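Visitor: need the 3D shape of this:
(chains A and B)
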Amino acid sequence: MLTAIAVLTGLGVVLGILLGVAAKYLSVEGNPLVKEIEDLLPGSQCGQCGFPGCGPAAEALANGKAPVTLCPPGGKAVASKLAAKLGVSVDLGEVEEKQPMVAFVNESLCIGCTRCFQQCPTDAFVGAPKHVHAVFGDICTGCGKCVEVCPTECIEMRPIQSTVQTWHWPKPAEPAKTAQSEPVT
Amino acid sequence: MMGALFKIRGGVHPDDRKHLTKDLAIEKIPMPPVLHLPLQQHIGAHAEPEVERGDKVLKGQVIARAKGMISAPVHAPTSGTILGLHSYHSPTASGLRWQTITMRPDGFDRWIRRAPPLDPLTCRPEEISRRVADCGVVGMGGATFPSAIKLNLGDRHKLEQLVINGSECEPYLTCDDRLMREKAAQVIDGARIMAHSIGVVQVIIAIEDNKPEAIAAMREAAADVPDTSVVTVPSHYPMGAEKQLIQTLTGKETPAGKLTADIGVVVHNAATALAVHDAVRHGKPLIDRVVTVSGGAVARPRNIQAPFGTPIFDLLEFCGGLKEEPEVILVGGPMMGQPIKSVHAPILKGTNGVLALTRAETASRQVMPCIRCAACVSACPMGLLPLDMAARVRKDELDSAVKIGLMDCISCGACSYVCPSNIPLVQYFNFAKGRLKAIDGEQRKQRLTRKLATLRLTRMEEQMRAKKEAFARRKAEQAEKAAQAAAAQPAAQSGAQEAVAQSGGSAETGAAEGGDRQ
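Guide: Have a look, this model is predicted:
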């Protein structure tokens, strides 16, 4: 009887100490999921989701306070990855696949106010005060922040034109559906 | 020398329809009125233009120089005047325009001073590959990979054999067949030069058994050449795919995601061998090629030797035009060729055929649901499951399609050919591969975005800190001045407390001013 009590007490004490030590030395700072989710997001801090940047958006996602479809520039690709990461199901049909866009400066209207490149999250603008601005199309993320601040409305978003090198075959049209059954392939 | 041949998986036996052009000798097309020479006629980085509008160029002159590791120069196919560098129709399925140099031939066809002939047996292998690179030679079977890079493979791989691919397994095409019949000795010489350059002894020339005349001509030419054998391979699509050809000849299968060089074999096209012969023996850059113009809609199908940049329209005109409205015009063969959108687009280094096919020939039928007959599985030469892959691609599950071998698909089209439900299987795979490449590009851009955003953030923080520091410094200076002023006041206005209050007040004004100045 006494032995049993002693053994169980001893076990409890030893395991308790082990757990305590482990909790101290193997502790994880913050939610690792937040970091992982942030890596999936575009990282341009554009704020189109309504959060002040990709970090806070990732936190909201991890806490279940935001839908996985929150990222407009990410489109279906990011939404499906987030859904896989968070283990939730998502109706990708609802995600509007936005055509990739880049900002374009109408040079005849630009007054060189520099407001756009103060806003640009990736420094895609080139220019100086009172000089015409231009956009590096290959690093513009198409977030559209610059459009809002331009006093002369000289910035517009244009779809990225595909080139011979970037073009690829479209998805074949769906096969004809028969009345009884769904096509399998 | 060669033992028995080995069997390959799958494959199909399409009606070869080579009888339309196989007995027609190669004819030279009269110089077209304009030539359109795109900067991207090869895989890799596009060439960098060297000429300007109005420049007079000679035949063989470099008009665009190679840029980067994998690239090839473009030479003027004849003498004439450069009309400009502009955006012009590409002979691709996209039909989009790309950067093209357009020139007007002057009709004199004057050569530039050509590089002296090299003696391939005494010069170093690097000299051969440099000459091949300078002459702009690329793989002429259609892949258009710069050949010089493949000639340097011997440095990093242990190579045993060079295979010259004369199988020409695509229906309709006969350009390599004619070339091997008419220029057998030159093709063999080119093959020996390449073998010397990559450091192998054994050369195998593989020809499908539906070309008995080419086999005979090549056998005769190779009779006195040591270590060179001509092997007859069965007519079986896709025999001309390099991995399948090597497996037929050696029984060795190229592992997924590896090069054929990893199993000790390099494959070059027969037309490429001729181009190497011309480059090394005559210093002649790659400026023209043989193109098969065929198909039911063409009045008189022909094998034509045409300079690069010849508009497809001129090729068709040379063949008597179209006798009926074609359903589709393809560049390349009917199995893997690309439909073009404009007949004004030019032929390129990799254009082996131009086919104008009638509705009866394309036999396009209504797509029906999959009946899971697995005919595509039996036909796939790579041992993949096309029906399963297509189902996944259809549901946009590209990653899971990759898991079951999408990237090993060689887009040969055998699956689409056999499908009784006419499902465009290979089109699904081409779409998926293109989409995956685009996603890869997006991810690269995302990484760049992240980097730039962090850079910007740190810069903003630094600016903020610098501002704060400057502000604090000014504040301190103001305080010091005020203190000095207070100390300089006569003692009559004494009262330590008052002085402190004063200095505090002036510091505040200073701060406000400082703020304004910013």
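
Visitor: where do the strands sit along chain A?
Guide: Under the criterion DSSP state E, chain A contains strands at A:101-105, A:125-126, A:134-135, A:155-159.

Visitor: hmm, B:Lys56 is touching B:Thr81, no?
Guide: Yes - in terms of C-beta atoms under 8 Å, B:Lys56 counts as a neighbour of B:Thr81; the distance is 5.8 Å. From N, CA and C alone the C-beta is placed, and that goes for glycine too.

Visitor: which residues do those two both contact?
Guide: Residues within reach of B:Lys56 and of B:Thr81 at once, by C-beta atoms under 8 Å, 6 or more residues apart in numbering or on different chains, are B:Asp106.

Visitor: right, is the helix or strand bottoming out on mean pLDDT in chain A up against chain B?
Guide: Taking mean pLDDT, DSSP states H and E as the measure, the helix or strand of chain A with the lowest value is helix A:75-86, at a mean of 83. Yes - judged by C-beta under 8 Å from any C-beta of the partner chain, helix A:75-86 comes into contact with chain B at A:Lys76, A:Ala77.

Visitor: quick check: which helices or strands does that helix pack against?
Guide: helix A:32-40, helix A:54-62 (3 or more C-beta pairs under 8 Å, 6 or more residues apart in numbering or on different chains; DSSP states H and E).

Visitor: hmm, 7 Å instead?
Guide: Packing partners of helix A:75-86 (3 or more C-beta pairs under 7 Å, 6 or more residues apart in numbering or on different chains; DSSP states H and E): helix A:32-40.

Visitor: so which strand or helix has the closest residue to chain A within chain B?
Guide: In chain B, the residue that lies nearest chain A is B:Gly434 (2.2 Å; C-beta to the nearest C-beta). Counting by DSSP states H and E, the element that carries B:Gly434 is helix B:425-488.

Visitor: what's that helix packed up against?
Guide: helix B:386-394, helix B:398-403, helix B:414-418, helix B:496-517.

Visitor: worst mean pLDDT among the ones you listed?
Guide: Across these, helix B:496-517 has the smallest mean pLDDT, namely a mean of 46.

Visitor: which residues does the nearest residue to the residue of chain B closest to chain A once chain neighbours are set aside contact?
Guide: Nearest residue to B:Gly434, sequence neighbours excluded (C-beta to C-beta, 6 or more residues apart in numbering or on different chains): A:His168, at 2.2 Å. For A:His168, the contact set (C-beta atoms under 7 Å, 6 or more residues apart in numbering or on different chains) comprises B:Phe431, B:Gly434, B:Arg435, B:Lys437, B:Ala438.

Visitor: okay, now the first one: neighbour count?
Guide: Right, B:Phe431. B:Phe431: 20 surrounding residues under other C-beta atoms under 10 Å in any protein chain shown.

Visitor: same deal with B:Val233?
Guide: Neighbours of B:Val233 using other C-beta under 10 Å come to 22.

Visitor: that one contacts B:Ala206, doesn't it?
Guide: Yes - counting by C-beta atoms under 7 Å, B:Val233 does reach B:Ala206; the two are 5.1 Å apart.

Visitor: overlap in contacts, those two.
Guide: B:Ser167.

Visitor: thinking again about what came up before, which residues touch the least confident helix or strand of chain A?
Guide: A:36-37, A:40-41, A:61, A:68-69, A:71, A:89-90, A:92, A:95, A:97-98, B:439.

Visitor: ok, back up a step: what subset of the contacts of A:His168 is buried?
Guide: B:Phe431, B:Gly434, B:Arg435, B:Ala438 (16 or more other C-beta atoms under 10 Å in any protein chain shown).

Visitor: just give me the closest of the residues you listed to B:Lys158.
Guide: Nearest to B:Lys158 out of the buried ones among the contacts of A:His168 is B:Gly434 (C-beta to C-beta; 34.8 Å).

Visitor: surely that closest one and A:Trp169 touch.
Guide: Yes - using C-beta under 7 Å as the test, B:Gly434 is close enough to A:Trp169 to be in contact (5.7 Å).

Visitor: assumed B:Ala341 was part of a strand.
Guide: Heads up, residue B:341 is Lys, not Ala. No - the assignment for B:Lys341 by DSSP: H, G, I helix; E, B strand; the rest coil gives coil, which leaves it out of any strand.

Visitor: just put the strands of chain A in CSV and tack on mean neighbour count.
Guide: Shown next, in CSV, are the strands of chain A (neighbours: other C-beta atoms under 10 Å in any protein chain shown):
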stretch, mean neighbour count
strand A:101-105, 19
strand A:125-126, 18
strand A:134-135, 18
strand A:155-159, 15
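
Visitor: make TSV from these and add distance to B:Gln478 and mean pLDDT to it.
Guide: Converted to TSV, the strands of chain A look like this (distance: least, C-beta to C-beta, whole Å; pLDDT from 0 to 100):
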stretch	distance to B:Gln478	mean pLDDT
strand A:101-105	42	89
strand A:125-126	37	88
strand A:134-135	42	90
strand A:155-159	42	90
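
Visitor: make TSV from those and add distance to chain B to it.
Guide: Below are these laid out as TSV (distance: least, C-beta to the nearest C-beta, whole Å):
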stretch	distance to chain B
strand A:101-105	11
strand A:125-126	11
strand A:134-135	13
strand A:155-159	14
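
Visitor: how does chain A divide up, domain by domain?
Guide: What automatic domain parsing lists as the domains of chain A is A:32-94, A:101-159.

Visitor: by mean pLDDT, show me the worst of those domains.
Guide: domain A:32-94 (a mean of 82).

Visitor: tell me the domain ranges of chain B?
Guide: B:18-357, B:389-488.

Visitor: could you tell me how far the shortest one lies from the centre of the chain?
Guide: Centroid separation for domain B:389-488 versus its chain: 26 Å, with C-alpha atoms, centre = their mean, to the nearest Å.

Visitor: swap in stretch A:78-85?
Guide: 10 Å.

Visitor: please point out which parts of it sit buried.
Guide: A:Val78, A:Ala79, A:Ser80, A:Lys81, A:Leu82, A:Ala83, A:Lys85.

Visitor: also stretch B:362-371?
Guide: Going by 16+ other C-beta under 10 Å, stretch B:362-371 has these buried residues: B:Thr362, B:Val367, B:Pro369, B:Cys370.

Visitor: just the helices in the stretch 251-400 of chain B please.
Guide: Assigned by DSSP state H, counting those that start in this stretch, the stretch 251-400 of chain B shows helices spanning B:270-282, B:312-318, B:359-362, B:375-379, B:386-394, B:398-403.

Visitor: out of those helices, which gets nearest to A:Cys150?
Guide: Between the helices of the stretch 251-400 of chain B, helix B:398-403 lies closest to A:Cys150; by C-beta to C-beta that is 37.8 Å.

Visitor: so does that closest one get close to chain A?
Guide: No - using C-beta under 7 Å from any C-beta of the partner chain, helix B:398-403 stays clear of chain A, coming no nearer than 9.4 Å.
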